[in-house]
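*Asks:* Structure for the following, please:
(one chain, ligands or ions: 1)
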Amino acid sequence: MKVNATIFLLLLSFLSLTTYAKSNTIVPKPLKFETREGQFTLSDQTRLISDNNLSFNGRDYLQKQLLLNAGYTLKQASSPENSTICFNYDVTFDEEAYTLDIAADKIVIRAGSQSGFFYATISLMQLMDPSIWSQTQMNIPKKSWDIPACYIKDQPRFRWRGLMLDSARHFFSKAYVKKFIDRMAQHKLNLFHWHLSDDEGWRIEIKAYPLLTKVGAERGPGTALPFSFYPTMRGSKEKVQKGYYTQEDVKEIVAYAAKRSVRVLPEIDVPAHAKAAVVSYPLLLQDPHDTSRYISVQKVRNNTIDPGVESSYTFIENVIEELTVLFPFQYIHLGGDEIPKGAWQHSPSVAKLMQKEHLKEMYEVEAYFFTRMDKILAKHNRKMIAWQEVRKENNTLRDDTLIMAWRGDGAGVKAAMERHQVIMAPAQYLYFDQQYIKKADEPGHTWAGPTDTRELYSYRPASALHDPQKLQYIRGVHACLWSERLFSEELADYMTWPRALALSEIAWSTDKARQWSEFKARAFTDGLKRLEYQNIHYRAPMP
Ligand code: TNX
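*Replies:* Numbering: from 1, shown residues only. Got it, this is the predicted structure:
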């Protein structure tokens, strides 16, 4: 009898343990998660109640997935019935914060913002069977969905949780860009950084400058960009690579992202990394008498816009003007990275500019250029974000300029110490174009890696900053998927997932709350199944 009771108790605790493990597979990890007894069963009898419009995007997202995978949507009710999901507005909640209270007969979501309601819905869906994420109509719809009872109180550590896609080195279809954004949203990443121009291509339609996409959006045999950058074209030398987004495409993508609480940050990389623009409009962007010879880190010659040529500024201003109509986000990224040594050395226009403005060194010319960029942005009601190289002693950028620190963690910490607002994107941890492991046949760059998911997860964004007063300057965390070597969308998936699961948690949860083995139990179980149901070609985690 006694033995039986012990076995029974053991069995019970085992059962509750498995429910616990099963119930909390949410990525990123919520701030507070309490298991409760029992479960809610969602069926076609379940009703929705909402006292506000802010919850629309969340409800709509759930309904679409239910229609695909359960074969029905939930009807609205005006008062609570047997099985109800309530979306209740609460003015006291911060942006992005929510609570999710799941009991046997009722689910109550509280939030004070669109993003809060959306994230509550995402968490709710992550508690359901992973097949809810399938993007194709189920042959046999799953009629009823058990959701473990629990209480969640959640809000993020950083308000800026970013991921960059480089559409310039390799073009990604509109459909892929949407999928990319959708997956970000599923993991509460909220900042899609879109690298739209580089040496290898100009990818966005600009009405004032049609040659940008007529000439600058294709490269390879028979085009104006017929060269093979090292190592960009490796493996695809014979093929013409092309593609760009029309303004209609961009509007569609920005609206798609907004429905998912994702803001879109466009990047036009100037003055370097601009070969595609320069071959499209050489007379506007360079001095024909410039005899400088230089080569970029990526082995591209003559790839910079000339800051001594006045039409360079008109050009950039006109581009920015069109961007502001397409992108409501308050920031525009203007690049500023890796200006090759020797650029403009023999440009008569730059020599003249230096004389006129009393500039002695080349870095002062760069600073002058970015000060003017900042003024143009201010005129168009936008703020500047740029790679860390733009941080120069003598430029007069506005205080709210954001610096994106990519050359190691130290660079970001230094910027914060000097009271610059900074986004942490250290290549050693957060460059998704780097190999996972060091191996000859493993895809990816090697210069900053390798970085497997576990190492990435160990990144503690502000840990090297010892002055608590300066913590406020670290605004967020950001990973970059550069695409020189991304020859297919499958490969882009592979490089991103599961690393982006770890990214989402670094950005959302505190350092203290994170523990690798516990993360694995959530991320490498249901976390991967959710990706599988969406046909994501993720890299299988290492044993
Ligand atoms: C450095 S990060 C770059 C990119 C490359 C990347 C490759 C930065 C601002 N510039 O142009 O694609 O390395 O890892």
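
*Asks:* Got phi/psi on the residue of the stretch 401-543 of the chain found nearest the ligand?
*Replies:* Nearest to the ligand in the stretch 401-543 of the chain, going by C-beta to the nearest ligand atom, is Trp482, at a distance of 3.4 Å. All C-beta atoms are positioned from the backbone trio N, CA, C, and that covers glycine. Main-chain torsions, Trp482, degrees, to the nearest 10: phi -70, psi 150.

*Asks:* count of neighbours near the residue nearest to it when sequence neighbours are not counted?
*Replies:* With C-beta to C-beta, 6 or more residues apart in numbering as the criterion, Trp482 has its nearest non-adjacent residue at 4.0 Å, and that residue is Asp433. Counted with other C-beta atoms under 10 Å, the neighbours of Asp433 add up to 24.

*Asks:* Could you do Asp154 as well?
*Replies:* The number of residues packed near Asp154 is 24, by other C-beta under 10 Å.

*Asks:* distance of it from the ligand?
*Replies:* Distance of Asp154 to the ligand, given as C-beta to the nearest ligand atom, to the nearest Å: 32 Å.

*Asks:* I'd assumed Ala492 was in contact with the residue nearest to Trp482.
*Replies:* No - counting by C-beta atoms under 8 Å, Ala492 is not a contact partner of Asp433; they are 9.6 Å apart.

*Asks:* Report the set of residues contacting both of these two.
*Replies:* With contacts defined as C-beta atoms under 8 Å, 6 or more residues apart in numbering, the residues shared by Asp433 and Ala492 are 481, 483, 486.

*Asks:* now, which of those lie within strands?
*Replies:* Leu481 (DSSP state E).

*Asks:* Mind putting the shared contacts of Asp433 and Ala492 into TSV with pLDDT and neighbour count?
*Replies:* Listed next are the shared contacts of Asp433 and Ala492 as TSV, based on pLDDT from 0 to 100; neighbours: other C-beta atoms under 10 Å:
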residue	pLDDT	neighbour count
Leu481	98	23
Ser483	93	25
Leu486	90	24
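
*Asks:* Next up, phi/psi of the nearest residue to Arg159 once chain neighbours are set aside, please.
*Replies:* Among residues not flanking Arg159 along the chain, Gly476 sits closest, at 6.4 Å (C-beta to C-beta, 6+ apart). Backbone torsions for Gly476, taken as degrees, to the nearest 10, come to phi 170, psi -170.

*Asks:* so how far is Arg183 from Gly476?
*Replies:* Distance, Gly476 to Arg183, using C-beta to C-beta, to the nearest Å: 19 Å.

*Asks:* next one: Lys379
*Replies:* Distance from Lys379 to Arg183, by C-beta to C-beta: 36 Å.

*Asks:* Over to Asp269?
*Replies:* For Asp269, the distance to Arg183 - C-beta to C-beta - is 25 Å.

*Asks:* Phe329 now?
*Replies:* With C-beta to C-beta as the criterion, Phe329 and Arg183 are 20 Å apart.

*Asks:* Check Ala168 too.
*Replies:* From Ala168 to Arg183 the distance is 21 Å (C-beta to C-beta).

*Asks:* Which one of those two is surrounded by more residues?
*Replies:* Higher neighbour count among Ala168 and Arg183: Ala168, with 27 against 21, using other C-beta under 10 Å.

*Asks:* ok, the most centrally placed residue in the chain - contacts?
*Replies:* What sits nearest the mean C-alpha location of the chain, by C-alpha atoms, centre = their mean, is Leu163, with 2.0 Å. Contacts here follow C-beta under 8 Å, 6+ apart; on that basis Leu163 touches 180, 184, 189, 191-193, 478-481, 496, 500, 503.
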